[in-house]
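Asker: Curious how this folds, go ahead:
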Amino acid sequence: MAVKTIAQRLEQLYKLQTIDSRLDQLRAVRGELPIEVDDLKDEMEGLNTRLANFNSEIEHFNGQITANKEQIKTSQELIKKYNTQLNNVKNNREFDALNKEIEIQDLTIQAAEKKLGELDNSISMKNELIEELQTRINERNEDLENKIKELEEITAETEKEEEQIKKERAKAEKSIEEKLLKAYDRIRANFRNGIAVAPVLRGACGGCFAKIPPQLQSDIRQSKKIVICENCGRINIDARMAGIEEAVEEEKPKTRRRAVRKKS
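Answerer: Residues are numbered from 1 along each chain as shown. Predicted coordinates:
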């Protein structure tokens, strides 16, 4: 297999760049929809997690309600038992002890009833929050469904063309050595516009518009080596390789016209 020249490598890279740019333009038709869909999915996940936490808290409150009701029932049974024992006391000491136990159980019942009231209030508040949250979930879910539908419609319109361009890209990739391809993909990922290979225009990088030293401009024109822009890191190529003929306008001397005065 013949070794490719630097010029051939650069031409292949630029060809890949033009294919990728076409693909980017096609995908740009979708606008921000893919990002909006992903954001809505993330938001829905957060809202559903919050809803699950609220329901879990209510479940915990209901468990506490059951426990406090059991406590009230137990205390009431003990009070009944102690009242029965009061009828059979033999001395003041036993009488005082039983009354003390009854008093403790009364306080226990009061504390449990107070707790039940607090738990009922907490559940009411959580239910209000759940109702508001569920309304928001329904709204966001409707938005998500509409966005997904819109994205699917746009994707369906461009899907055939996109597949064709992807095939072209796969074919173009095969002509580029792996190391160079990885470098190209890495550079391309650094820029929102996806431009990794930029022509030199009027002595400046066509990507960032930074001036290029004359010696490097000469290297780029002669395709002696692969030149990376010192400012942005893009691969620079000669404008002619990109099919651009730069018009160099030379300043033409202006013809001076003398005003002729008419003799009176």
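Asker: Ramachandran angles for the residue lying closest to R221 once chain neighbours are set aside?
Answerer: Sequence neighbours aside, D238 is the residue nearest to R221 in space, at 5.1 Å (criterion: C-beta to C-beta, 6 or more residues apart in numbering). Backbone N, C-alpha and C define where each C-beta goes, glycine included. Dihedral angles phi and psi of D238 (degrees, to the nearest 10) take the values phi -70, psi 140.
Asker: same question, C205
Answerer: Torsion angles, degrees, to the nearest 10, at C205: phi -60, psi 130.
Asker: For it, give me its contacts.
Answerer: Neighbouring residues of C205 by C-beta atoms under 8 Å, 6 or more residues apart in numbering: 198, 212, 229, 231-232, 234, 236.
Asker: One more pass at 6 Å, please.
Answerer: When contacts are counted by C-beta atoms under 6 Å, 6 or more residues apart in numbering, C205 touches 198, 229, 236.
Asker: Now the closest residue to N236 other than its chain neighbours: phi and psi?
Answerer: Nearest non-adjacent residue to N236, counting by C-beta to C-beta, 6+ apart: V227, 4.8 Å away. The phi and psi values for V227, taken as degrees, to the nearest 10, are phi -110, psi 130.
Asker: circling back: need the contacts of C205 in TSV with distance to K81 and secondary structure, can you?
Answerer: Listed next are the contacts of C205 as TSV, based on distance: C-beta to C-beta, whole Å; DSSP: H, G, I helix; E, B strand; the rest coil:
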residue	distance to K81	secondary structure
A198	92	strand
C229	92	coil
N236	96	strand
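Asker: distance of the residue nearest the centre of the chain from T158?
Answerer: Geometric centre of the chain, nearest residue: D39, 5.9 Å, by C-alpha atoms, centre = their mean. According to C-beta to C-beta, to the nearest Å, D39 stands 22 Å off from T158.
Asker: Mind giving me the ChimeraX select for the contacts of C205, buried ones only?
Answerer: Burial among those is assessed by 16 or more other C-beta atoms under 10 Å; the matching ChimeraX selection reads:
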select :198,229,236
